[in-house]
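Novice: Coordinates only, no sequence provided:
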């Protein structure tokens, strides 16, 4: 998107281990370069590709390696509209949905859907399901 006139917000889902690996690599590169990191030091890793010879850009490129999973236009966000999904449902979820359709859906209530989503997010992020908080907003 255009930094001077942004129109969209992209949403990414990164594996936690990969993010930690990149932050550790960036921290090590900065330290080896003589930078001093103090307690509470805020550090960023670029989402876009960077120059790995520059210590502050080591670990960059997450957004290049993991495509966006959703896109919100700023107009949609301001109007509380539904986001446009960028990529299709992962194959594993497609297969699970097909199996449920064949035998009747196990997801028959909003609570079932939220529980399913929480458990799936926990699997993807390797976080405990009870640490996942979802906020459902439905507009009319």
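Specialist: Happy to help now that I have it. All of these numbers come straight from a predicted model, not from anything done at the bench. Numbers count the residues shown, from 1 in each chain.
Novice: Going by C-alpha atoms from here, please, whenever you check contacts or count neighbours.
Specialist: Will do.
Novice: average pLDDT for stretch 51-58?
Specialist: Average pLDDT, stretch 51-58: 87.
Novice: where along the chain do the helices fall?
Specialist: 16-32, 62-65, 74-78, 91-103, 110-125 (DSSP state H).
Novice: any idea which of those scores lowest on pLDDT?
Specialist: helix 91-103 (a mean of 54).
Novice: Of all the helices of the chain, which one is nearest residue 131?
Specialist: helix 110-125 (8.3 Å; CA to CA).
Novice: Please name the residues that touch residue 136.
Specialist: Listed by CA atoms under 8 Å, 6 or more residues apart in numbering, the contact set of residue 136 is empty.
Novice: Relative to residue 62, how far out is it?
Specialist: Relative to residue 62, residue 136 is positioned 27 Å away (CA to CA, to the nearest Å).
Novice: can you list the domain ranges for this protein.
Specialist: 8-80, 104-139 (the TED database).
Novice: of the ones you listed, which approaches residue 2 most closely?
Specialist: Closest approach to residue 2 among the domains of the chain is made by domain 8-80 (8.8 Å; CA to CA).
Novice: ok, back up a step: out of the helices of the chain, nearest to residue 5?
Specialist: helix 74-78 (10.7 Å).
Novice: Show the model's pLDDT score for the spatially most central residue of the chain.
Specialist: Ranked by distance to the mean C-alpha position of the chain (CA atoms, centre = their mean), the top residue is residue 13 at 2.1 Å. Note on residue 13: pLDDT of 89.
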